[in-house]
Each structure stands twice: as structure tokens, then as C-alpha cells.
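S.K.: Just a sequence and a predicted model for now, questions to come.
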Amino acid sequence: MIFIRSLTPRLVLAFLFVSLISTALVAVFAGRQTTSDFDHFMMAQHQETAASLLAEYYRSSGGWEGVEAILPVGGMMGMGSGPGGGQMMAGMFTLAGPDGRVVAAGMGFRPGERLSSEILENSTPVEADGRVVGWLVSVSNRVRTRAGVAFLTRFRGTLVVGAVGATVVALALGVVLAQTLARPLHELTAATRAVALGELGHQVPVRSDDELGELATSFNQMSADLAQARDLRRQMTADIAHDLRTPLSIILGHAEALRDGVLPATAESFEVIHDEARRLNRLVDDLRTLSLSEAGELPLTRRPTPPAELLERAVAAHAPQARQKEIALQVEAAAGLPAVDVDPDRMAQVLDNLVGNALRYTPAGGRISLGARPDPAGVVLMVEDS
């Protein structure tokens, strides 16, 4: 069961099956065609020899009288007493005179029968002294001497040996190719299990430029992206913990000081705790917004909005804090800017973050400028500080 489920044996069996079928078909067709061509060759050779011997007989005898004695039906054609001598198989030829009538009948014909023009066209003429004195017709398709039979036997044996050799070579190549195809898949399987166990960033070797190579490259890219996402998540977690620790430390410190009587219970002390609690609440809201954005569920209500309106809204929201720190807040927007298709509330969050950072790091007497200018891609919003 394990053997059948494995990819390598399946590929090997597929290569072996294809090679066996191909080799068998080639052997069968080659054997049949060779046997047929060999029989036609032997027939043509016998026809030429028989025509030559019959021509000698006609010249020596002056006619076809008595030719049946040397061309017996089913016997051996013996020319030992005539010019040229020799023997050949009979019964496979029919001899007709120049008028097409059968003189010596072989298998399938009768003496005196007139042969059709179609048969005569496929017959071998017997010529004597420059004229056609008869027609030699083949009436058998198999003319094999002992040497011919031995030749065909050796040829078929060679085909069998070649077929076995081709099958062995195909099987060896099948094993090599199957291992070549299965090896990258085994490596990818092992790498997938490693990633599933938490070994993010695991890489596999890319061994080719084909589809398997593309698959390995895609896996390596996916593994690297997962490792990068893990590192970014760890860094974000550390940043979130750091950002949350500061307001919590301040709130806990002031609460403990108030409890122990170190700090007086004044409005300023409670204001500090309240501000840090609001800051903590904003951080929690930011985390929720971030999680919705990563999940693709952050709602956006987009509508055409003038850029100057977005900037003036941000300035109005931070004007009290800027006055306390003696920082100048101003809007420098180019005239005639087109409206932008955005969610005003989300854009306000973006600008609030930028302006809040600028207020945090700009000293007293400084300046923060919110600007807008046209751009080939639309409109560029800027927050600059001194």
C-alpha cells in the first residue's frame, strides 16, 4: 500500500508501462513489415531466376512443349538437364504463353486459362531472342529457403533482445527521472511540515527553472514573508507594550503617591491622572483601528473633501495645546486645489498623529505649518515643524 501511494514507484511504473507498450508495438510492426518485405524480395529473386532459366529452356527447345516436366505443380523445378542447370521451388509459379494462355499451371490456375490483363501487368515477362515468349506469374506470397527462415529467426531474436534492452534502459531512466521529480516534492513536504511546526523562514533549494523550480521559489518567498511578518508582529508587540507602559506607570505612580500622602489630592494631580488615562484610551482605540485595518474590516466613508478643510480642522483641534506650549500653528494651502475623495474622520486621525508628534518635539517659540499643494497623483498634504 505504501509502495502504491509513493510518487516515485508510480512514475517508474508509468515509464515502464509506456516503454513496454512502445517497444512491443515497434517490434510487432517492424517484424511484420520485415517479414513481408523479405518475402517479396525472395519472390522477386525467384521470379528473375525462373524467368532466366525458362528463357534458356525456350531457346534450347524452341517452344514450351514439355515444360510441365520441369515445372511440376507442387514439386521442384529442376533444370539440371537444360542449359544453366540448377533447381528452384515450383508450384508457386504459373507459366503463360505470349498470348496469355496458361501453359504450365501452378496453384490457383488451370491449363489453357486466359489470364487477365491486370494479372499480366503484374507478371514477369520471359524473353528470348529479344521478344516476349511467355509470362511468369507468382501464385504464392511465401518463398522462404532454409537460409531465409534462419535470417528471419535471427532478425526476430534481435528484435526481442532490442526490446528487452530498450525496456531495461527505459526502466533505468524512469527511476532516475522519478527520483529527480520526486526529490523536490519531498523537500517541499519536509519544509512545509517545518513551517507548520513554527520554523518560519525555512528555505528549500531551487534545483531547476521549470514548474518545480517556480514552486520552490514561491515557497521560499512565502516562508520569508511569514518570518518577516512574525518579526514585525513581535516588534509591534514590543512597541505597544512600551507605549502602554508609560501612561500606566504615570497613573500607578500618582495613585500610589496620593494613597500614601506623598502628593496632595489637588486638581493638578487628578488632571495628570486624567490626561494619562485619556492617552491610554487613545492608544487602545489606535490598536482597535489597527486590528480592523489588518483584517480588512476598517470602515471608510469617503466623500469629496476640500484639503484646506482637513488642515483647518487639525489646527483647530490642536490650537489650545499649541498656545500652552507657545508654538505657532498655521495653514499654508495653495489656492484652487481640487477636492479629494477621502474619509474625513480617518484623515483627521492621520493629521492628529502627525501634529501631535510635532507638538511633542517642537520647542517653545517654534512653528508648525500644515500645507497642501497640487501633485500629478492628486494633492499632497504636509506637516512641517521648525
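M.R.: Yes, it's here. As the structure is a computational prediction, the values presented were derived from the model and not from experiment.
S.K.: which residues of the stretch 201-350 of the chain fall in strands?
M.R.: Secondary structure of the stretch 201-350 of the chain (DSSP state E, counting those that start in this stretch): strands at 303-305, 328-333, 340-342.
S.K.: Make JSON lines out of the ones you listed and add distance to Leu115 and mean neighbour count.
M.R.: Bear in mind the C-beta positions are built from the backbone N, C-alpha and C, glycine included. Shown next, in JSON lines, are the strands of the stretch 201-350 of the chain (distance: least, C-beta to C-beta, whole Å; neighbours: other C-beta atoms under 10 Å):
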{"stretch": "strand 303-305", "distance to Leu115": "103", "mean neighbour count": "12"}
{"stretch": "strand 328-333", "distance to Leu115": "113", "mean neighbour count": "16"}
{"stretch": "strand 340-342", "distance to Leu115": "99", "mean neighbour count": "17"}
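S.K.: Out of the ones you listed, flag the one nearest Arg233.
M.R.: strand 340-342 (28.4 Å; C-beta to C-beta).
S.K.: packing partners for that closest one?
M.R.: When contacts are defined as 3 or more C-beta pairs under 8 Å, 6 or more residues apart in numbering; DSSP states H and E, strand 340-342 packs onto strand 303-305.
S.K.: where does the protein dip in pLDDT?
M.R.: For the chain, the stretches flagged by pLDDT under 70 are 1-8, 10-11, 35-40, 42-45, 69-92, 107-108, 139-149, 151-152.
S.K.: Okay, helices next: where are they in it?
M.R.: In the chain, the helices defined using DSSP state H lie at 2-5, 7-61, 67-70, 117-121, 146-196, 211-260, 267-294, 307-324, 344-361.
S.K.: rewinding a little: with distance to Gly165 added, can I get the strands of the stretch 201-350 of the chain in TSV?
M.R.: Converted to TSV, these look like this (distance: least, C-beta to C-beta, whole Å):
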stretch	distance to Gly165
strand 303-305	80
strand 328-333	86
strand 340-342	75
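S.K.: Ok, which of these comes nearest Glu199?
M.R.: Closest of the strands of the stretch 201-350 of the chain to Glu199 is strand 340-342, at 42.4 Å (criterion: C-beta to C-beta).
S.K.: strands paired with the closest one, and their directions?
M.R.: Using DSSP bridges, strand 340-342 pairs in its sheet with strand 303-305 (antiparallel).
S.K.: Next, the residues that contact the strand it pairs with from outside, please.
M.R.: With C-beta atoms under 8 Å, 6 or more residues apart in numbering as the test, strand 303-305 has contacts from Ala339, Val340, Asp341, Val342, Asp343, Pro344, Met347.
S.K.: Mind doing that once more with 6 Å?
M.R.: Contact with strand 303-305 is made by Ala339, Val340, Asp341, Val342, Pro344, as judged by C-beta atoms under 6 Å, 6 or more residues apart in numbering.
S.K.: would you turn those residues into a markdown table with distance to Ser123?
M.R.: What follows is the contacts of strand 303-305, written out as a markdown table (distance: C-beta to C-beta, whole Å):
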| residue | distance to Ser123 |
| --- | --- |
| Ala339 | 102 |
| Val340 | 100 |
| Asp341 | 96 |
| Val342 | 100 |
| Pro344 | 106 |
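S.K.: Any idea how many residues pack against the closest residue to Ser369 other than its chain neighbours?
M.R.: Ranked by C-beta to C-beta, 6 or more residues apart in numbering and with sequence neighbours excluded, the top spatial neighbour of Ser369 is Glu384, at 4.8 Å. The tally of other residues near Glu384 (other C-beta atoms under 10 Å) stands at 12.
S.K.: Would you agree Glu384 is in contact with Leu370?
M.R.: No - between Glu384 and Leu370 there is no contact under C-beta atoms under 6 Å: 8.1 Å.
S.K.: hmm, back to that, among the helices of the chain, which comes closest to Ser138?
M.R.: Ser138 lies closest to helix 7-61 among those, at 5.5 Å (C-beta to C-beta).
S.K.: roughly how far is that closest one from the heart of the chain?
M.R.: Remark: helix 7-61 is offset 41 Å from the chain centroid, using C-alpha atoms, centre = their mean, to the nearest Å.
S.K.: cool, and stretch 363-383?
M.R.: Distance of stretch 363-383 from its chain centroid, counting by C-alpha atoms, centre = their mean, is 52 Å.
S.K.: distance between the ends of it?
M.R.: Chord length of stretch 363-383, first to last residue, is 16 Å (C-alpha to C-alpha, to the nearest Å).
S.K.: Give the buried residues for that stretch.
M.R.: By 16 or more other C-beta atoms under 10 Å, the buried positions in stretch 363-383 come out as Gly366, Ile368, Ser369, Leu370, Gly371, Ala372, Val379, Leu381, Val383.
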